[in-house]
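K.L.:
how does the following fold in three dimensions:
(one chain, ligands or ions: 1)
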Amino acid sequence: MTDDELLDVWASVTRAVMADPSVGPANGAQVALAMPRGIAAGTLYLAVPYEFTLKLLESRLRPAIMAAISAIPEAEEIENFVVIVDEEAHPSLDADPVADERDSGAHASEGMPSGSGGAHSAGSAHMARSDTPRPVDEPRRRHGADAPVDSRLNDKYRFDSFVIGQSNRFAHAAAVAVAEAPARAYNPLFIYGDSGLGKTHLLHAIGHYARELFPEVRVRYVSSEDFTNDFINSIANNQGAAFHARYRSVDILLVDDIQFLEDKVETQEAFFHTFNTLHDHNKQVVITSDVQPKQLRGFEERMLSRFEWGLLTDIQAPDLETRIAILRKKAQRENLEIDHSILEFIASKFSSNIRELEGTLIRVTAYASLNQQRIDMPLVHTVLKDLITLDADNEVQPSDIISRTAEYFDLSVDDLYGPTRAQQIATARQIAMYLCRELTPLSLPKIGQLFGGRDHTTVMYAHKKISQLIAERRSIYNQVQELTTRIKQGSR
Ligand SMILES: Nc1ncnc2c1ncn2[C@@H]1O[C@H](COP(=O)(O)OP(=O)(O)OP(=O)(O)O)[C@@H](O)[C@H]1O
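P.N.:
The predicted model follows:
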């Protein structure tokens, strides 16, 4: 078989696998990332850019690929296939002529790589003819591209501070792939999972890593709440054009907690257009959510189906080994010397939320430094005595946190909800916000809403401030600790 014949055979295989209903467009798109390298002794050799794609092709997609090969008469000499990873094996940016002819709709435009567009991305052999890897599509030459972008990336959240375990391996691999080949690997990438499991961390890490690889790339991180506020302000101030320019002139848009847009019809519409513009122009979109698209309520169907165009991946609660590794990494970063058995003990007590796990380590170290003691098992037992995770039936309710905090500080619940900035009330409110963040799965915007419709940045600030104060002031440490005990005991 000549090289060109092989490319044509592989294009047919790709089309057949993508059309296979048992595969689905997101997984099928992985096949389009593969480049056929040749056939030797009946074995077809395929090169893919990522380890993650290799695993998918070799395991989950193997039956569908073999079925497609055996259905193509020209492929009869192929008895088996083997996949290798070759980082150079990126699809070309050249427009896919098959897709262009077939799909006159918006989403096959501007060299959209076949591997990222889901069902209409067959004809991968055309990509395979070029092996020139290129970052994002000439970011600097775009309209309005010279204005600096405020990326809003948090320096703390990088791939090298992210611990990989069974629960997040797939999401991590997909995030790395997106950063290494924006708009080529999976577009959009949709990451979902419960609160505190690392979705935000991965979003920021994608942005940092992409900027390290491609210094020109324009990245913007935005929480869905900020997007909403920005949109509302743009209407109020008649600055729609600036709003559009801000979000549509980036190469990578990282959107956190999309569930916040539920039932916000106008903002969804604005996001829909932003998404389409970016996707049509071969720009990467990454989205996180607490649930998968199908379970998002109050979203239009056309929006949800777009979320499924690329790759969906979830993050689950980490297993014990991963939790220990996360604590160890955190301890190393903070230059804390803590015995392995202690980290293991803490990790064994908190299973479902990494934020809570990290929060516990902070409390342990705060207690040790306030009392000038070394961190040993008796000390950890003292601190954890009343923090031990409750079982699922005993979930802490935010209303309990608020009422108990009010009672503890001799205030009314309305004081905590209200606007008063008097020092004592403000601190009590910040402690209640901190505890809502630590002890419940509520997102920052949801907590903000609970406290009289405050912005999520206020909650973020409160959490950060109280985290610092418990390490500096014994009174705050004691208050937070006592309140936690009361709240947890109250919910038993
Ligand atoms: N695998 C990991 N390795 C290291 N740190 C992690 C990991 N996963 C989560 N974390 C840390 O746990 C904390 C919570 O993570 P993050 O804010 O990313 O969660 P989230 O899933 O976005 O939660 P939410 O939906 O509530 O916003 C962060 O400090 C983050 O750095």
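K.L.:
quickly list the domain ranges of the protein.
P.N.:
3-85, 159-314, 320-393, 398-491 (the TED database).
K.L.:
need the three-state assignment for the closest residue to residue 1 other than its chain neighbours.
P.N.:
Residue nearest to residue 1 in three dimensions, not counting chain neighbours: residue 39, with 6.3 Å by Cβ to Cβ, 6 or more residues apart in numbering. All C-beta atoms are positioned from the backbone trio N, CA, C, and that covers glycine. Here residue 39 is recorded as strand under DSSP: H, G, I helix; E, B strand; the rest coil.
K.L.:
residue 39 bridge partners, please.
P.N.:
residue 44 (DSSP bridges).
K.L.:
quick check: it vs the ligand, distance?
P.N.:
41 Å (Cβ to the nearest ligand atom, to the nearest Å).
K.L.:
next, give phi and psi for whichever residue of the stretch 251-400 of the chain sits closest to the ligand.
P.N.:
Distances between the stretch 251-400 of the chain and the ligand by Cβ to the nearest ligand atom are smallest at residue 354, namely 3.6 Å. Per-residue torsions, residue 354: phi -70, psi -30 (degrees, to the nearest 10).
K.L.:
and the residue nearest to it when sequence neighbours are not counted, how many neighbours does it have?
P.N.:
Of all residues not flanking residue 354 in the chain, residue 196 sits nearest, at 5.2 Å (Cβ to Cβ, 6+ apart). For residue 196, the count of nearby residues is 21 (other Cβ atoms under 10 Å).
K.L.:
SS state for residue 196?
P.N.:
Assignment for residue 196 (three-state DSSP): coil.
K.L.:
wait, isn't it in contact with residue 355?
P.N.:
Yes - taking contacts as Cβ atoms under 8 Å, residue 196 lies within contact range of residue 355: 3.8 Å.
K.L.:
show me the contacts for residue 180.
P.N.:
49-50, 209-210, 213 (Cβ atoms under 8 Å, 6 or more residues apart in numbering).
K.L.:
just give the closest residue to residue 427, not the sequence neighbours.
P.N.:
Using Cβ to Cβ, 6+ apart, the closest residue to residue 427 is residue 476 (7.8 Å).
K.L.:
look up phi and psi at the one you found.
P.N.:
Note on residue 476: backbone dihedrals following degrees, to the nearest 10 are phi -70, psi -40.
K.L.:
and residue 215, by the same measure?
P.N.:
Main-chain torsions, residue 215, degrees, to the nearest 10: phi -50, psi -20.
K.L.:
what's the local residue count around it?
P.N.:
Count around residue 215 with other Cβ under 10 Å applied: 8.
K.L.:
and residue 294, by the same measure?
P.N.:
Neighbour count for residue 294, taken as other Cβ under 10 Å: 9.
K.L.:
repeat for residue 322
P.N.:
So residue 322, with other Cβ under 10 Å, has 19 neighbours.
K.L.:
what kind of secondary structure is it in?
P.N.:
Residue 322 - assigned by three-state DSSP - is helix.
K.L.:
show me what contacts residue 354?
P.N.:
Residues 196-198, 318, 323, 326 are the ones in contact with residue 354 under the rule Cβ under 8 Å, 6+ apart.
K.L.:
following the helix or strand hosting residue 190, which helix or strand shows up next?
P.N.:
Using DSSP states H and E, residue 190 sits in strand 189-193. Next helix or strand after strand 189-193 toward the C-terminus (DSSP H and E): helix 199-213.
K.L.:
who are the contact partners of residue 163?
P.N.:
Contacts for residue 163 (Cβ under 8 Å, 6+ apart) come out as 318, 322, 325-326, 329.
K.L.:
out of those residues, who's near the ligand?
P.N.:
residue 326 (Cβ under 6 Å from any ligand atom).
K.L.:
what ranges does the stretch 151-300 of the chain have for its strands?
P.N.:
189-193, 219-223, 252-256, 284-289 (DSSP state E, counting those that start in this stretch).
K.L.:
now render these as a markdown table, adding mean pLDDT, distance to the ligand and mean neighbour count.
P.N.:
A markdown table is the format used below for those (pLDDT from 0 to 100; distance: least, Cβ to the nearest ligand atom, whole Å; neighbours: other Cβ atoms under 10 Å):
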| stretch | mean pLDDT | distance to the ligand | mean neighbour count |
| --- | --- | --- | --- |
| strand 189-193 | 96 | 6 | 26 |
| strand 219-223 | 95 | 9 | 23 |
| strand 252-256 | 96 | 7 | 26 |
| strand 284-289 | 96 | 6 | 26 |
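K.L.:
can you list the ones you listed in JSON lines and add distance to residue 150?
P.N.:
Compiled in JSON lines, those are given as follows (distance: least, Cβ to Cβ, whole Å):
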{"stretch": "strand 189-193", "distance to residue 150": "22"}
{"stretch": "strand 219-223", "distance to residue 150": "7"}
{"stretch": "strand 252-256", "distance to residue 150": "13"}
{"stretch": "strand 284-289", "distance to residue 150": "17"}
